[in-house]
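Asks: turn this into a structure:
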Amino acid sequence: MTSIDFVVAKDDLDQCKVVSTELPGADALPPDALLVKVDRFAFTANNITYAVLGDELKYWQLFPAPNGFGNIPVWGFGEVIASRHSNVSAGERLFGYFPMATHLVIEATDVSKRGLRDGASHRQGVAPVYNAYARVTGDPAYAGRQGDYQALLRPLFMLSFLVDDFLAENDDFGARTVLLSSASSKTAFGLAHLLHTRGRKVIGLTSGGNTGFVTSLGCYDEIVTYDRVTSLPSNAPVAFVDMAGNSALRAELHRHSGDQMKCSVRVGLTHRATEADEGALPGAKPRWFFAPDQIRKRAKEWGPGGIEQRFGAAWSGFAPRLERCLAVVESRGPEAVRRVYLDTLKGRIPPEQGHMLSLLG
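Replies: Numbering: from 1, shown residues only. Next comes the predicted model:
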């Protein structure tokens, strides 16, 4: 079996190519292994963050690639086309973390009615959520356009949910106004929805070209373009959630707010413009938010199913908004994947679009 993989140079994300990877055929699969055809996957700016932090957060080790290159993990759907596990049948549909490829071999472990895990040795040592696959055959929530929304936004909304939970458990560090950079991003949109729902004032920071779209989302109390951030009041406590990863913007906001900057959380790197050493800033010290840490904390505190129950309720309140503000664009084939990847890397994807891709022709 030959898989077609889309890989990028780890030290130069502008360089990308398609390679062939040999996988065992159905007759040569090891015990309990599954051969999965990767049918379709979502690609968003969040996947660029995975690439930027590939070494630091071990994303590159999930799906091995040729020396010097990495395979960016994506959320999507796969079909089991051959199985050596007695409780998993060919034809089953899985939702989870896949490589940008046409096929994947999964060493199925912890198989239950609802899901399974990949027990491959090279995939251990990362957050457990990245090795989990939901068994979604026949589930309408994962079918058709609803399935696209799940792939495009459910993982990002989980991040939104966890950041909101972190802020809420700390009473927003005394702030009643939260600033979100990259306000047009899907993670910021979800977080703004949650913050707005619990009565916080949410100010979206965005570029001039995206103000119309951000306004249409209906979950920001105020929208400010990046060139006007110093027009914001500086005499009241604020919290800042940085989706952009732009050092210059972060420094400008900290210096403008001073000691009133009560919390500064770095979540994304959509702008890829962070200096290695930006020096000390006034107000709260910027900190990285690492979602798996919050998951582990809440799993222990809330018990089995606690996160899923609360997240499910939050998703149910958010999902109905998607149909009117997100246009799903489908593209197939290696050249289409390359185009969408480079457009996402360069920030050329309109915020109202969500891209579902497949390397299968």
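Asks: correct me, but residue 166 touches residue 290?
Replies: No - counting by C-beta atoms under 8 Å, residue 166 sits too far from residue 290 to count as a contact (10.3 Å). (C-beta placed from N, C-alpha, C; glycine too.)
Asks: which one's more surrounded, the two?
Replies: A direct count of neighbours by other C-beta atoms under 10 Å for residue 166 and residue 290 places residue 166 higher, at 19 against 13.
Asks: now that one. Nearest residue, chain neighbours left out?
Replies: residue 294 (5.6 Å; C-beta to C-beta, 6 or more residues apart in numbering).
Asks: so what's the one you found up against?
Replies: 162, 165, 166 (C-beta atoms under 8 Å, 6 or more residues apart in numbering).
Asks: find the helix or strand that it is a member of.
Replies: Residue 294 belongs to helix 291-302 when assigned by DSSP states H and E.
Asks: how about residue 191?
Replies: Per DSSP H and E: helix 186-197 holds residue 191.
Asks: what mean pLDDT does the host helix or strand of residue 35 have?
Replies: Applying DSSP H and E as the criterion places residue 35 in strand 33-43. The average pLDDT for strand 33-43 rounds to 98.
Asks: who's in contact with the helix or strand that that strand is followed by?
Replies: Next helix or strand after strand 33-43 toward the C-terminus (DSSP H and E): helix 45-52. Residues from elsewhere that reach helix 45-52 (C-beta under 8 Å, 6+ apart): 8, 13, 57, 59, 70, 72-74, 155-156, 159, 182, 185-187, 245, 268-270, 272, 344-345, 347, 349.
Asks: just those residues: which are in helices?
Replies: Among the contacts of helix 45-52, DSSP state H puts 155, 156, 159, 186, 187, 344, 345 in helices.
Asks: tell me the contacts of the fifth one?
Replies: Neighbouring residues of residue 187 by C-beta under 8 Å, 6+ apart: 46, 156, 157, 159, 160, 243, 267, 268.
Asks: by neighbours, which of those residues wins?
Replies: residue 243 (29 neighbours).
Asks: so what's that one closest to, chain neighbours aside?
Replies: Nearest residue to residue 243, sequence neighbours excluded (C-beta to C-beta, 6+ apart): residue 182, at 3.8 Å.
Asks: quick one: the one you found and residue 226, what's the gap?
Replies: Distance of residue 182 to residue 226, given as C-beta to C-beta, to the nearest Å: 10 Å.
Asks: what does residue 104 give?
Replies: Where residue 226 is concerned, residue 104 sits at a distance of 40 Å (C-beta to C-beta).
Asks: the two: which has the busier surroundings?
Replies: residue 104 (23 against 17).
Asks: quickly list what that one is bridged to.
Replies: Counting by DSSP bridges, residue 104 is bridged to residue 36.
Asks: wait, what's in contact with it?
Replies: 3, 36, 38, 63, 78, 98 are the contacts of residue 104 under C-beta under 8 Å, 6+ apart.
Asks: same question, residue 41
Replies: 74, 75, 76, 77, 98, 100, 151, 356, 357, 358.
Asks: okay, and which of these map to helices?
Replies: Among the contacts of residue 41, DSSP H puts residue 151 in helices.
Asks: I appreciate the help and will end here.
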